[in-house]
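Participant: This is a predicted model, with the sequence first.
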Amino acid sequence: MGKFIYEDSIKVDFEDRTLAHLQQVIGNKLRRGESFHFTWRDDRSIGEGRTSVWLHPHASLVFKYYGSRQSRINRAWSEALMYAANSPAGLHLVPEPADPGEAESSA
């Protein structure tokens, strides 16, 4: 379980694998100087609402991983997350699609 920290005040837990994909998408958007919303559902323990933050190139972000291994990136999931990030609604978690590369390597 990893942690996404925004402006040293908002802290939310994500699985390391999810966090790795979010870091890739967020990093790509911010590298291009693009600002956008990032929204997620809150955990039951804090009320099951949702939180949305405005990500911009000068925001202070931390991606804290608790596992020591880097997660394998599913290109299809990264593309789906990037598609969401480029939408008017902004970045939000979408279900992970099957990784076409995974199917090819196991055939």
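Facilitator: Good, I have the coordinates.

Participant: C-alpha from now on. contacts and neighbour counts both.
Facilitator: OK.

Participant: Can you show me the strands along the chain?
Facilitator: Counting by DSSP state E, the chain has strands at residues 2-6, 10-14, 36-41, 50-55, 61-64, 91-92.

Participant: Deepest-packed of those strands, please.
Facilitator: The highest mean neighbour count among the strands of the chain, using mean count of other CA atoms under 10 Å, belongs to strand 91-92: a mean of 22.

Participant: Direction included, what does that strand pair against?
Facilitator: Sheet pairing for strand 91-92, assigned by DSSP bridges, gives strand 36-41 (parallel).

Participant: Name all residues that make contact with the residue most central in space within the chain.
Facilitator: In the chain, the C-alpha nearest the mean C-alpha coordinate belongs to Leu22, at 2.1 Å (CA atoms, centre = their mean). Leu22 makes contact with Ser78, Leu81 under the criterion CA atoms under 8 Å, 6 or more residues apart in numbering.

Participant: Number of residues surrounding Arg44?
Facilitator: A total of 8 residues lie near Arg44 under the criterion other CA atoms under 10 Å.
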